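In: here is my input; please provide its structure:
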Amino acid sequence: MLLIPYRDPSTPRSFIEIAITVVPFLALWAAMWFLMGFSYWLALPLAIPAAGFLVRIFLILHDCGHGAFFKNRALNDWVGRLCGVLTLTPFGVWRKTHSMHHATSGNLDRRGLGDIETMTVAEYKASPWYERLRYRAYRHPVTLFLIGPAFVFFLSNRLPVGLMDGGWRPWFSAIVNNLVIVAVAVGMMYLVGWSEFLMIEIPILLLASSIGVWLFYVQHQFEGTVWAGAEKWDLQQSALQGSSHYDLPAVLRWFTANIGVHHVHHLSSRIPYYRLQRVLRDHPELRDVGRLTLWQSFSCVRLALWDEVRGRLVSFREVRRS
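Out: Residues are numbered from 1 along each chain as shown. Alright, predicted model coming up:
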């Protein structure tokens, strides 16, 4: 009830958010192409801000998936689908898996879809050596934040992974997304050249996907998070205490569309991202819940296993010492 007043989206504000995100992204893309006429190394640094705007485009898709960006569902769907072309994300598939994430986050008995894979200490110790090796390789930072994001956005998103037996809708979403991506890519290659297109697009996509996965990781894989079996799991507790408040500097907060206010987002996913900071201003008691600064977030990388005895995430080193 406390958060209901913040849930009503403003259509003009949402269109302004689209304009100040998509237009600069396209302008940076065009600037990179122009600068490539002089030197690729002169153009390449612009991939960093371009990736930032692409992350913001994905977060517009994110709000559309929650029905939070516009009052009209059809408008949410179409904007989400268009953003999905730029971000290589089939909107219908992503919306389904992400809703499962919200419904099961922190539930030890319902892990597996839309989450970072997380084993308990007991599961890890009981696993054969090759399974432990696979899991350690999966949780390595190079895999999680470099190889993994590229795999998800370039390959995994091309099929309705996790929803293969979910009827025709996930397949339709993925296939149409693939066809439109191919059509746009071919058209751009015709306009600017195939090598130029790939040399601009691939660095932007790789960087943006790594940033996106990093954000998702620190929003749930932090020392103060909570996990519980189904018999003790509580949706509200998991939303508030199992999601971090990633308190970023103002510029990064803008580029990440306030997604760092993740505990509030999980409490009420229908709040548009441009109202999340207002919630914290009006309810300062929420500011320190799960608060994580940029510097503190780097220590989250070592966390890999849920210790049910101690009730917190621990590192491989801690398990080895014990």
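In: host element of the closest residue to Phe145 other than its chain neighbours?
Out: Leaving aside its chain neighbours, Phe145 sits nearest to Ser210 (5.2 Å; criterion: C-beta to C-beta, 6 or more residues apart in numbering). C-betas here are computed from N, CA, C, even on glycine. Using DSSP states H and E, Ser210 sits within helix 194-220.
In: which strands and helices sit next to that helix?
Out: helix 11-35, helix 47-65, helix 148-150, helix 168-192, strand 245-247 (3 or more C-beta pairs under 8 Å, 6 or more residues apart in numbering; DSSP states H and E).
In: so which of the ones you listed is nearest His263?
Out: Comparison of the helices and strands packed on helix 194-220 against His263 by C-beta to C-beta identifies strand 245-247 as nearest, at 5.5 Å.
In: which outside residues touch the closest one?
Out: Residues outside strand 245-247 that contact it (C-beta atoms under 8 Å, 6 or more residues apart in numbering) are 215, 218-219, 259-264, 280, 286-294, 297.
In: cutoff 6 Å now
Out: 218, 260, 263, 290-293 (C-beta atoms under 6 Å, 6 or more residues apart in numbering).
In: ok, stretch 296-310 next?
Out: Outside of stretch 296-310, the residues within contact range by C-beta under 6 Å, 6+ apart are 118-121, 124, 139, 141, 218, 221-222, 227, 313-316, 319.
In: show me which of those residues is closest to Val23.
Out: The closest of the contacts of stretch 296-310, once distances to Val23 are taken by C-beta to C-beta, is Val218, at 29.0 Å.
In: what backbone torsions are found at Ser127?
Out: Phi and psi for Ser127, reported as degrees, to the nearest 10, are phi -80, psi 150.
In: hang on, the earlier thing: which of the contacts of strand 245-247 fall in strands?
Out: Using DSSP state E, 291-293 are the members of these that sit in strands.
In: if we can go back for a sec, could you identify the buried members of the contacts of strand 245-247?
Out: Among the contacts of strand 245-247, those that count as buried by neighbour count (16 or more other C-beta atoms under 10 Å) are 218, 260, 263, 290-292.
In: could these go into TSV alongside distance to Tyr6?
Out: Below are the buried ones among the contacts of strand 245-247 laid out as TSV (distance: C-beta to C-beta, whole Å):
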residue	distance to Tyr6
Val218	24
Gly260	16
His263	14
Gly290	19
Arg291	20
Leu292	22
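In: return the member of the residues you listed nearest to Leu155.
Out: Val218 (24.0 Å).
In: please name the nearest non-neighbouring residue to that closest one.
Out: Nearest one to Val218, counting by C-beta to C-beta, 6+ apart, is Ser297 at 4.6 Å.
In: got the confidence number for the one you found?
Out: On the pLDDT scale, Ser297 is placed at 95.
In: what's the burial count for it?
Out: By other C-beta atoms under 10 Å, 21 other residues sit near Ser297.
In: over to Leu313?
Out: For Leu313, using other C-beta under 10 Å, the count is 23.
In: if we can go back for a sec, tell me which of the helices and strands packed on helix 194-220 sits most buried.
Out: Most buried of the helices and strands packed on helix 194-220 by mean neighbour count (mean count of other C-beta atoms under 10 Å) is helix 47-65; its value is a mean of 23.
In: and after it, which helix or strand comes next?
Out: Sequence order places helix 73-86 as the next helix or strand after helix 47-65, per DSSP H and E.
In: hang on, the earlier thing: the helix holding Ser210 vs helix 168-192, what angle?
Out: 140 degrees (axes from the mean of the first three to the mean of the last three C-alpha atoms, to 10 degrees).
In: just the angle between helix 194-220 and helix 11-35, please?
Out: Orientation check (the same axes, to 10 degrees): helix 194-220 against helix 11-35 gives 140 degrees.
In: mind checking how far the residue in the chain sticking out farthest from the centre is from Pro9?
Out: Most distant from the centre of the chain: Phe38, at 34.8 Å, with distances by C-alpha atoms, centre = their mean. Distance, Phe38 to Pro9, by C-beta to C-beta, to the nearest Å: 43 Å.
In: below-threshold pLDDT in this structure: ranges please.
Out: Counting by pLDDT under 70, the chain has low-confidence residues at 1.
In: that older thread, tilt between the helix holding Ser210 and helix 47-65?
Out: Here helix 194-220 runs at an angle of 60 degrees relative to helix 47-65 (the same axes, to 10 degrees).
In: and the contacts of the following helix or strand past helix 194-220?
Out: As assigned by DSSP H and E, the chain's next helix or strand after helix 194-220 is helix 235-241. Here helix 235-241 makes contact (C-beta under 6 Å, 6+ apart) with 105-106, 226, 263, 266-267.
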